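[1] need a structure here:
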Amino acid sequence: MGKTVLIADDSKVFRALEMAYLTSRGYAVLHAGDGVETLRLAHENKPDLILLDVQMPIMDGVQVLSTLKKNPEMKTIPVIIISTIGRDFDREIFIKGGADEFISKPINGNELIHKVFKLIGV
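    Purely as a prediction, here's the structure:
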């Protein structure tokens, strides 16, 4: 298997869709349904990249991103924010907060694969 991507999204449908795109291109996939689980899996597995939804239970994506970027062991993991929030102002906030890329929902599979490949290769 190729590099590992952690999908963090409370929607099983979006996790399954993202996983299908990624596994078809050879990426290994982990997935989490809330922010706390995302941080646990990121700490335990050190994935090559995290796809991070903004609106999640327990701890939202903004809090997860902030926690990741403050942790010396995880701050270098690239993060792509995936959200229904798509205004330029919001994108700018996420990028300033440490996100490497932003993708609006609904997801375009080609855009997802392109951005993942750009950040971590295969």
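
[2] Just the terminal-to-terminal distance for stretch 76-96.
    With C-alpha to C-alpha, to the nearest Å as the measure, stretch 76-96 spans 15 Å from end to end.

[3] Number of residues surrounding Thr84?
    As a burial measure, the neighbour count of Thr84 was computed by other C-beta atoms under 10 Å and equals 10. Every C-beta, even on glycine, is put in place using the N, C-alpha and C of the backbone.

[4] thought it was touching Lys105?
    Yes: because the distance of 4.7 Å satisfies C-beta atoms under 8 Å, Thr84 is recorded as touching Lys105.

[5] now the strands for this protein?
    With DSSP state E as the definition, the chain shows strands at residue ranges 4-8, 28-32, 49-53, 79-83, 101-104.

[6] And these: which comes nearest Arg40?
    With C-beta to C-beta as the criterion, Arg40 lies closest to strand 28-32 of those, at 7.7 Å.

[7] And the closest one, what's buried?
    Buried residues in strand 28-32, counted by 16 or more other C-beta atoms under 10 Å: Val29, Leu30, His31, Ala32.

[8] tell me which of these is nearest to Glu92?
    Checking these against Glu92 by C-beta to C-beta gives Ala32 as the nearest, at 25.7 Å.

[9] What about the nearest residue to the closest one once chain neighbours are set aside, how many residues nearby?
    Spatially, and ignoring its direct neighbours in sequence, Ala32 is nearest to Thr38 (4.2 Å; C-beta to C-beta, 6 or more residues apart in numbering). Using other C-beta under 10 Å, Thr38 has 29 neighbouring residues.

[10] Tell me who's in contact with Thr38.
    By C-beta atoms under 8 Å, 6 or more residues apart in numbering, the residues touching Thr38 are Leu6, Ala8, Ala32, Ile50, Leu52, Met56, Met59, Val64.
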